[in-house]
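In: pasting the sequence and the predicted coordinates here, then a few questions.
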Amino acid sequence: AEGHSGLRGKPRSLTYQMESVGSAQSTSESSLEVKLSNRPNLLVELSDLWVKSGEMAEFSCLFDGQPFTAVVWDHNGQSLVDTQRVVSSQTGGLLSLVIQGVGVADQGLYRCTATNQHGQNSSSAQLTVEGGESFFFLSFFEAIRSIPLPVLLQPFFPT
């Protein structure tokens, strides 16, 4: 069996060549190509984003394993639908999501899931929106939450 030598990683197909030698006068050749198929493979993951309120946020990830039977984007577990402000796109295996004029409500976990006939795979990233009171209070409460309880209670109950 011989694999395709130009590919890195797992070969995507194997070619078997068989030769049958009969008498000195006759030979017979035959070949068979077996294509290996997998669920989408994540090549480039989504990255966490920090964006100022009112600006644009763009998430992109790259999968192989096309053609995809479905591509789904979700925000905090809720499927997203394209609007004038939120637009998803696909160019080959490159999947992108653009959010115009981000606000505090856009903060959270974004996930892109690509599905083909062999399965699915996904990538997730966090969007944090800077600006406005909500960002301040969210940051304040995140900071408070990270302090161990005994340290928080110490000023109220001196030892």
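Out: Arrived safely, thanks for sending. Not measured: the values here are computed from a predicted model.

In: and this structure, what are its domains?
Out: Per the record, the chain has its domains at 2-35, 41-132, by automatic domain parsing.

In: any idea which of these is most buried?
Out: domain 41-132 (a mean of 16; mean count of other CB atoms under 10 Å). All C-beta spots, glycine's among them, are computed from the backbone N, C-alpha and C.

In: okay, strands next: where are they in this protein?
Out: 2-3, 13-21, 27-35, 41-44, 49-52, 57-64, 70-75, 78-79, 86-91, 94-99, 108-116, 119-130 (DSSP state E).

In: just put those strands in CSV and tack on mean pLDDT.
Out: Putting the strands of the chain into CSV (pLDDT from 0 to 100) gives the following:
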stretch, mean pLDDT
strand 2-3, 41
strand 13-21, 60
strand 27-35, 62
strand 41-44, 96
strand 49-52, 96
strand 57-64, 97
strand 70-75, 98
strand 78-79, 98
strand 86-91, 98
strand 94-99, 98
strand 108-116, 98
strand 119-130, 97
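
In: please tell me I have it right and Thr69 contacts Asn116.
Out: Yes: using CB atoms under 8 Å, Thr69 is in contact with Asn116, at 5.7 Å.

In: what sits against the nearest residue to Ser89 once chain neighbours are set aside?
Out: Leaving aside its sequence neighbours, Ser89 sits nearest to Ser96 (CB to CB, 6 or more residues apart in numbering; 4.9 Å). By CB atoms under 8 Å, 6 or more residues apart in numbering, the residues touching Ser96 are 58-60, 88-90.

In: same question for Gln84.
Out: Gln100 are the contacts of Gln84 under CB under 8 Å, 6+ apart.
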